[in-house]
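> Sequence and predicted structure are below.
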Amino acid sequence: MTLVMKFGGAAVATPKHFAKIADVIARRSRHFQRIAVVVSAMANKTDELIALAKEVHPSPPRRELDMLVSVGERISISLLAMALAASGKEAISFTGSQSGIITTTQHADARIVEVRPWRLLPALEAGKIVIVAGFQGVSRKGEITTLGRGGSDTTAVALGVALRADKVEFYKDVEGIYSEDPKGHPGAQLFSRLSYDDAVSLLSQGAKVLHTRCVKLAKKNHLPLHVVSFLRAGELKDAEGTWIGENESLSDEREVSYEEERHVETTGFAHV
Ligand code: ASP
Ligand code: MG
C-alpha cells in the first residue's frame, strides 16, 4: 500500500508545525508501507521571496525567479525531514529535480510531462518516509522550473501517479471541501464525496481548496483524492473529509499519463 500525503503552507506555518505533522505522518505509516510526502513553502514564504526579488528588479527574469522561489519548498522539506528524525523516524528529503519531476520549459507556469522517481524508489523500499518539494521541477533543458501558484497539489498528484499510490491525502486547515468557504459562512455544507468533474467546477468557481490542475490529472489516472484536516488528532477515518473520485478500482499495471505529452526524444537527462 502506497500513500502520498500533501501538506500546504498553513500546515507548515511555524517551526512547531513540523513536529505536529511529523506525528500525523508517523501515525499514517502504521497503515501504509510506502509513504511519500509533498510539502509547500511555509505560510507566506513564496510571497516574501517574490517581494524580495522585486526589490532588486521590478520585473525579474523568470528563470531567476524560479531559481529563487523554489527555495521556499526546499526549506520545508529539509525541516520536515529534521522533525521526523527528531521523532526517531527515518526520512529523506528531495528537491523536485532530484525527484525526477520533468516539466515543460515555461518558467513560473510549467506543466509536468513525466516523473522519473528513480531516486525515491530505493528510499521507499528501505522503509524511509520520502519528502518531496512541491511546486517545482526540472525542464528538459535542465532548468529549474515552477508550476504556477498553488502548484504543490499538482506535484502530489503527479507523484501519486508515478508511484501508483492508492490515494493522495491533502491536509488542510478545514475539514474538507464545502459548498461555500466555511470561514465566514457558518451554514456551509461539507461534501463527503465529489466526482472529479464536480470538484473541477467548484474550484473553477473560485474555491481555492485545491489546484484545479491536480484534479484533472487525478481524473486522467483514476487516482482517488482525499481532503482532510491537519488540525485533527488521532487516527484518520475513511468517513472524514471529502473524497474526490469515482469509486476507482486500481491495478498496479495501470498506464499512467501526465499533464502534457512527453516528446519522443528523451535523451540528455544525465543529471536527473
Ligand atoms: N509555495 C507555492 C505558492 O505559494 C506553491 C504552493 O504552495 O502550492 O504558490
Ligand atoms: Mg495550495
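Received it, and whenever you're ready, just let me know what you need. A quick note: this is a predicted structure, and the numbers were derived from the prediction, not measured. Ligands and ions are numbered 1, 2, ... in the order given.

> name the element residue 85 belongs to?
For residue 85, the element it lies in under DSSP states H and E is helix 62-86.

> for that helix, packing partners?
When contacts are defined as 3 or more CB pairs under 8 Å, 6 or more residues apart in numbering; DSSP states H and E, helix 62-86 packs onto helix 15-28, strand 34-39, helix 45-56, strand 91-94, strand 129-133, strand 136-139, strand 144-146. Yep, even glycine has a C-beta here, placed from its N, CA and C like the rest.

> Which of the three states applies to the nearest residue to residue 119 once chain neighbours are set aside?
The shortest distance from residue 119 to any residue that is not its chain neighbour, by CB to CB, 6 or more residues apart in numbering, is 5.6 Å, and that residue is residue 98. On the three-state scheme (DSSP: H, G, I helix; E, B strand; the rest coil), residue 98 is labelled coil.

> residues near residue 98, how many?
Other residues within reach of residue 98 by the criterion other CB atoms under 10 Å amount to 19.

> can you check residue 127 too?
By other CB under 10 Å, the residues close to residue 127 number 12.

> How about the contacts made by it?
For residue 127, the set of contacting residues under the criterion of CB atoms under 8 Å, 6 or more residues apart in numbering consists of 33, 90.

> now the residue in the stretch 151-272 of the chain that ligand 2 sits nearest to: how far from ligand 1?
Here the residue of the stretch 151-272 of the chain nearest ligand 2 is residue 153; by CB to the ion that distance is 5.7 Å. Distance, residue 153 to ligand 1, using CB to the nearest ligand atom, to the nearest Å: 6 Å.

> Then residue 195?
23 Å.

> Output stretch 176-192 in CSV with nothing but the alpha carbons.
Listed in CSV are the C-alpha atoms of stretch 176-192, where the atom choice follows Å, rounded to 0.1, in the frame of the first residue of the first chain:
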residue,chain,number,x,y,z
GLY,A,176,-12.7,19.2,3.6
ILE,A,177,-14.4,20.8,0.7
TYR,A,178,-17.5,22.9,1.5
SER,A,179,-20.4,24.3,-0.6
GLU,A,180,-19.1,27.8,0.5
ASP,A,181,-16.0,29.0,2.3
PRO,A,182,-16.6,27.7,5.9
LYS,A,183,-14.7,30.8,7.2
GLY,A,184,-17.4,33.4,7.1
HIS,A,185,-20.3,31.0,6.1
PRO,A,186,-21.3,29.1,9.2
GLY,A,187,-24.0,27.2,7.3
ALA,A,188,-21.6,25.9,4.6
GLN,A,189,-22.1,22.2,3.8
LEU,A,190,-19.2,19.8,3.9
PHE,A,191,-19.2,17.4,0.9
SER,A,192,-18.3,13.8,1.8
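
> Rounded mean pLDDT for it, please.
Averaging the model's pLDDT scores along stretch 176-192 yields 91.

> Show which residues not belonging to that stretch make contact with it.
The set of residues external to stretch 176-192 that reach it, using CB under 8 Å, 6+ apart, is 174-175, 194, 199, 202, 207, 209-210, 227-229, 239-244.

> Among those residues, which ones are in strands?
The strands, defined by DSSP state E, take in 194, 227-229, 242-244 from the contacts of stretch 176-192.

> quick one: secondary structure of residue 123?
When classified by three-state DSSP, residue 123 comes out as helix.

> For burial, what's the neighbour tally of residue 79?
20.

> how close does it sit to residue 229?
Residue 79 sits at a distance of 21 Å from residue 229 (criterion: CB to CB, to the nearest Å).

> how near is residue 184 to residue 178?
With distances taken as CB to CB, residue 184 is found 11 Å from residue 178.

> Settle it for me: which of those two has more neighbours?
Counting neighbours by other CB under 10 Å for residue 184 and for residue 178 shows that residue 178 has the greater number, 19 against 7.

> partners of that one in the sheet?
Listed beta-bridge partners, residue 178: residue 190 (assigned using DSSP bridges).

> Spell out which residues sit in contact with residue 234, please.
Taking CB under 8 Å, 6+ apart as the contact definition, residue 234 lies against residue 27.

> if we can go back for a sec, so can I have JSON lines of the helices and strands packed on helix 62-86 showing mean neighbour count and distance to ligand 1?
Below are the helices and strands packed on helix 62-86 laid out as JSON lines (neighbours: other CB atoms under 10 Å; distance: least, CB to the nearest ligand atom, whole Å):
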{"stretch": "helix 15-28", "mean neighbour count": "17", "distance to ligand 1": "14"}
{"stretch": "strand 34-39", "mean neighbour count": "28", "distance to ligand 1": "9"}
{"stretch": "helix 45-56", "mean neighbour count": "14", "distance to ligand 1": "3"}
{"stretch": "strand 91-94", "mean neighbour count": "21", "distance to ligand 1": "16"}
{"stretch": "strand 129-133", "mean neighbour count": "28", "distance to ligand 1": "10"}
{"stretch": "strand 136-139", "mean neighbour count": "26", "distance to ligand 1": "9"}
{"stretch": "strand 144-146", "mean neighbour count": "27", "distance to ligand 1": "8"}
